[in-house]
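Undergrad: coordinates only, sequence not included:
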């Protein structure tokens, strides 16, 4: 029987739906025993970081006006403090480079667990983690290679077009595939679709 990985995580988010939702998901992750502390102001964040010695801070990039991980690390006296961004909309590459990783609001529990393991172990993702798509992302890949538009996918899966766009960006980032042809090859090689299902 394997032991659960114990982590202390601070969630810095002012929007209750996002903060409470993410905290709830983190507490439910299989293979982890996570103690979550939610904070709603930058002053509280510094106090909690200094007093609780967390393993990780997960923060909205707009937290406290303009959140900056390096300033938090300086204020915490722990230059190695791991900080991940909460991605609600698309973050630019410059903003992403400031963080140790990103948790997207569209991530499923498997993806969240994989990202936490990668960041908290301080190394590159495990071999399978980089290419690990969530079940929903796999579903979207199959519909894309079958020739459906984002609007058609959204209607079929009862999602908004914005959510489908976010999933597609996450798929492109995870797989580092930015063309329909590349995605089609990936789907065939990984047995997500049969060659007969592909719209040419």
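TA: Looks like it arrived, so ask away. Note that the coordinates shown come from a computational prediction; the quantities given were computed from them, not determined experimentally.
Undergrad: May I ask which helix or strand of this structure has the lowest mean pLDDT?
TA: Across the helices and strands of the chain, the lowest-confidence element by mean pLDDT, DSSP states H and E is helix 93-96, at a mean of 72.
Undergrad: what secondary structure does the closest residue to residue 68 other than its chain neighbours sit in?
TA: Once its chain neighbours are removed from consideration, residue 68 has its nearest residue in residue 98; the separation is 6.8 Å (CB to CB, 6 or more residues apart in numbering). For every residue, glycine as well, the C-beta is placed using N, CA and C. Secondary structure, DSSP: H, G, I helix; E, B strand; the rest coil: residue 98 is coil.
Undergrad: Same question for residue 170.
TA: Classification of residue 170 using three-state DSSP returns helix.
Undergrad: let's have the chain start at 2 instead
TA: New numbering, starting at 2: the last item is residue 171.
Undergrad: got the contact list for it?
TA: Contact partners of residue 171, counting by CB atoms under 8 Å, 6 or more residues apart in numbering, are 105, 107, 108, 138.
Undergrad: would you turn the residues you listed into a markdown table with neighbour count and pLDDT?
TA: Putting the contacts of residue 171 into a markdown table (neighbours: other CB atoms under 10 Å; pLDDT from 0 to 100) gives the following:
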| residue | neighbour count | pLDDT |
| --- | --- | --- |
| 105 | 21 | 83 |
| 107 | 18 | 78 |
| 108 | 21 | 80 |
| 138 | 20 | 87 |
